[in-house]
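Model the following, please.
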Amino acid sequence: MRRRFELVKLDQARVSHDTIECLRTLLRQAERGEIIGISYAAMRRNKRFFYSSCGEAHANPVFAASMIGAAWYGLMQEVHKEG
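Sure, this is the predicted structure:
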């Protein structure tokens, strides 16, 4: 039997300190030259999202697509573990 997909209700008033720390960590690594490009998707409070790439990931979209594919695969494994 298929599990019904349900959207999570987002907490509209909350600042995501976890997100802030994650971004700070990425920034520190980029400042040291350890990260030279990123591809990402970001979620807004209104349940809308956007995606983009910058740096070498923007310059090399084939590599960026490979990174996003690997991320998608890993996330789908997590989704199926929860079911």
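
so who does Ile26 touch?
Just so we're on the same page, residue 26 is Leu rather than Ile. Going by Cβ atoms under 8 Å, 6 or more residues apart in numbering, Leu26 touches 35, 38. C-betas here are computed from N, CA, C, even on glycine.

Checking my notes, it in a strand, right?
No: assignment of Leu26 by DSSP: H, G, I helix; E, B strand; the rest coil gives helix, placing it outside any strand.

mind listing the helices for the chain?
In the chain, the helices defined using DSSP state H lie at 17-31, 56-59, 61-82.

could you dump the ones you listed to JSON lines with distance to Phe49?
Putting those into JSON lines (distance: least, Cβ to Cβ, whole Å) gives the following:
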{"stretch": "helix 17-31", "distance to Phe49": "13"}
{"stretch": "helix 56-59", "distance to Phe49": "18"}
{"stretch": "helix 61-82", "distance to Phe49": "13"}
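
Mind putting the ones you listed into a markdown table with mean pLDDT and distance to Ile38?
Shown next, in a markdown table, are the helices of the chain (pLDDT from 0 to 100; distance: least, Cβ to Cβ, whole Å):
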| stretch | mean pLDDT | distance to Ile38 |
| --- | --- | --- |
| helix 17-31 | 96 | 7 |
| helix 56-59 | 97 | 6 |
| helix 61-82 | 93 | 9 |
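
and of these, who's closest to Lys47?
Lys47 lies closest to helix 17-31 among those, at 15.4 Å (Cβ to Cβ).

Tell me how many other residues crowd the closest residue to Met67 other than its chain neighbours.
Excluding its sequence neighbours, the residue lying closest to Met67 (Cβ to Cβ, 6 or more residues apart in numbering) is Ser39, at 5.4 Å. By other Cβ atoms under 10 Å, the residues close to Ser39 number 19.

who's in contact with Asp18?
Asp18 sits next to no residue when contact means Cβ under 8 Å, 6+ apart.
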